[in-house]
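[1] what's the 3D shape of this:
(chains A and B)
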Protein chains: 2
Amino acid sequence: MNANSPKPLIYPDPAALRHAIRAGKFDAHTSGQCPGYAQANLAVLPQEYAAEFLRFCQLNPKPCPILGMSEPGNPVIAALGDDVNVSTDIGGYYVFKNGEMVEEVANLKAVWRNDMVAFAIGCSFSFEEALVEGGIPLRHFEQGCGVAMYRTNVATRPAGRFGGPTVVSMRPMKPADAIRAIQITSRFPNVHGAPIHFGDPAAIGIRDLAVPDFGDPVDLQPGDVPVFWACGVTPQSAIRAAKPPLSFTHKPGCMLVTDLRNSQLAVF
Amino acid sequence: MNANSPKPLIYPDPAALRHAIRAGKFDAHTSGQCPGYAQANLAVLPQEYAAEFLRFCQLNPKPCPILGMSEPGNPVIAALGDDVNVSTDIGGYYVFKNGEMVEEVANLKAVWRNDMVAFAIGCSFSFEEALVEGGIPLRHFEQGCGVAMYRTNVATRPAGRFGGPTVVSMRPMKPADAIRAIQITSRFPNVHGAPIHFGDPAAIGIRDLAVPDFGDPVDLQPGDVPVFWACGVTPQSAIRAAKPPLSFTHKPGCMLVTDLRNSQLAVF
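    This next block holds a predicted model:
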């Protein structure tokens, strides 16, 4: 590193990062922040939709693993740590009306309502950390881009107004690494768990790996097979399809950083 | 079943089966016998070769998982159960001289020597039972044949005179079943553990799946991928290559049935 390049500031402590965000001092992507701690997707829905969405998540635990949820109207999720306020502790938010994104906001204070229920949904950052610690090369890191995500023809189990296709993230790897990655991610059922498919993309309705529906295209190296994990974009996609009059999510890449350690999420 | 067809006799208890074998009342294949109990491959070598072979197994635990070994000259392996005598408790044996099979015998009493050391090596019957309990269809069972086995270009780590290629068994399955099979067999490190490869056979030096080196060809169903596990034929093959002046093995299919429960071999 050039002696004059700015060092990226890494907050080791989740509470310190959340306080910096809350004070308006940090609004960047959270990838790499607070190593060892679990980051989460945020979805906030009116109470009238929340029970159905909860049932949707419980029917579809692989794409929609719930790490915590709030009481109606209360933006604090006690299960996620000390004073975690989902209306202020994320670096950016999207506001949706009838399933359409209408506004990007720095916090939810002005738009919050006393009937809103917040859900924190597990994120693949947790298992990617475990894969990297396990010595498994991740091609999107090597290629300096985001992960590739695809809509599949694997239907979720619908619950009321929520349903639609499973969205997957894809990581190319050698078969021996894929076997190890299945072992490692099986330990993390609350952050998408084991893959749902590997190999032939057409078998799950993906026409062209080079054209992801979300994220960036990621190249396979010779001998790589594509490995597909259920992805946290699935619940976001189900929410857009359900068209609640009002809903909020985190801005992509700006996750909720919790006090839960990734190692706490491992089942054995 | 026709009311007049003979029922195959299943011994539920390993000690009872071993006593029947010892008394000359049973010499058939042991597949399906004593459900829930671990069966083992047998290899018996002169003490002069045994230390090197033990080192070979410890360097190559996936193909050569040792469930138990004897003291020199003593055909009893206490670790495997109550009064397990490897010279009398198997339904058939092969005798090798300088690596060549020279004789099939009903027991080892006449050929045993006081310098012989016996090794019991884990067998895929144990994890196949767990796969079937897990609802994973096994094509060789559906097709009423043996498993397909292949020599690969994956070298074992040599130890003294022992070495050579890893031999694998292949089970075709759907990718989702393969993911579950990796989870299930990972629990059984003492009976070959997780697969070592899936997909492209050429990547591990297999030219034609339809032409196995051992066992029977097994057809893939549409959408199946071949999944490859390290196989207990690997140590047998290494022993033949090492050409000890005298050695014994079980007759293929006639395994040593132990008092160890398969569930005891699971690591979690």
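
[2] pLDDT below threshold where in chain A?
    Scanning chain A for pLDDT under 70 picks out A:1-8.

[3] surely residue A:129 is within a helix?
    Yes. Assignment of residue A:129 by DSSP: H, G, I helix; E, B strand; the rest coil places it within a helix.

[4] wait, it sits on residue A:36?
    Yes. Residue A:129 is in contact with residue A:36 according to CB atoms under 8 Å; the separation is 7.4 Å. Quick note: C-beta positions are derived from backbone N, CA and C, even for glycine.

[5] just want to know which of these two has more residues nearby.
    Each of residue A:129 and residue A:36 has its neighbours counted (other CB atoms under 10 Å in any protein chain shown); residue A:129 has more, 20 against 14.

[6] and the residue of the stretch 101-250 of chain A found nearest chain B, its phi and psi?
    Nearest residue of the stretch 101-250 of chain A to chain B: residue A:182, at 4.6 Å (CB to the nearest CB). With angles defined as degrees, to the nearest 10, residue A:182 sits at phi -60, psi -40.

[7] so what's it up against?
    A:194, A:195, B:179, B:182, B:183 (CB atoms under 8 Å, 6 or more residues apart in numbering or on different chains).

[8] so which bits of the stretch 51-200 of chain A are right by chain B?
    Residues of the stretch 51-200 of chain A lying near chain B by CB under 8 Å from any CB of the partner chain: A:175-176, A:178-179, A:182-183, A:186, A:194-200.

[9] try 10 Å
    Residues of the stretch 51-200 of chain A that fall close to chain B, judged by CB under 10 Å from any CB of the partner chain: A:154, A:174-176, A:178-183, A:185-186, A:193-200.

[10] what do residue A:129 and residue A:36 both touch?
    Contact criterion CB atoms under 10 Å, 6 or more residues apart in numbering or on different chains; residues shared by residue A:129 and residue A:36: A:262, A:263.

[11] how about the strands in chain A?
    Applying DSSP state E to chain A gives strands spanning A:37-46, A:66-69, A:93-97, A:100-105, A:116-122, A:148-155, A:165-173, A:197-198, A:214-215, A:225-230, A:247-250, A:256-261.

[12] residue A:197 pairs with what?
    Residues in a beta bridge with residue A:197, per DSSP bridges, are residue A:228.

[13] stretch A:209-218 and chain B in contact?
    No. Counting by CB under 10 Å from any CB, chain B has no neighbours in stretch A:209-218; the shortest distance is 15.2 Å.

[14] now find how far off-centre that stretch is within its chain.
    Here stretch A:209-218 is found 17 Å from its chain centre; the criterion is CA atoms, centre = their mean, to the nearest Å.

[15] buried stuff in it?
    A:209, A:212, A:214, A:215, A:218 (16 or more other CB atoms under 10 Å in any protein chain shown).

[16] likewise stretch A:65-83?
    Under the neighbour-count criterion of 16+ other CB under 10 Å, stretch A:65-83 has A:65, A:66, A:67, A:68, A:69, A:70, A:74, A:75, A:77, A:80, A:81 buried.

[17] gap between whatever residue of the stretch 1-150 of chain A ends up closest to chain B and residue B:85?
    Of all residues in the stretch 1-150 of chain A, residue A:62 sits closest to chain B, at 11.3 Å by CB to the nearest CB. To residue B:85, residue A:62 is 50 Å away according to CB to CB, to the nearest Å.

[18] residue A:28 now?
    For residue A:28, the distance to residue B:85 - CB to CB - is 70 Å.

[19] could you measure from the residue of the stretch 101-250 of chain A closest to chain B over to residue B:227?
    Using CB to CB, residue A:182 is found at 11 Å from residue B:227.

[20] now swap in residue A:237 and tell me
    32 Å.

[21] what does residue A:42 give?
    For residue A:42, the distance to residue B:227 (CB to CB) stands at 38 Å.

[22] please apply the same query to residue A:77.
    Noted for residue A:77: a distance of 41 Å to residue B:227, by CB to CB.

[23] same check on residue A:212?
    27 Å.

[24] so what's the residue count around residue A:40?
    29.

[25] equivalent analysis for residue A:95, please.
    18.

[26] mind listing what the closest residue to it other than its chain neighbours touches?
    Nearest residue to residue A:95, sequence neighbours excluded (CB to CB, 6 or more residues apart in numbering or on different chains): residue A:103, at 4.2 Å. Counting by CB under 10 Å, 6+ apart, residue A:103 touches A:93, A:94, A:95, A:96, A:97, A:111, A:248.

[27] can you lay out the residues you listed as CSV showing distance to residue A:20?
    Converted to CSV, the contacts of residue A:103 look like this (distance: CB to CB, whole Å):
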residue, distance to residue A:20
A:93, 16
A:94, 21
A:95, 23
A:96, 26
A:97, 30
A:111, 22
A:248, 21
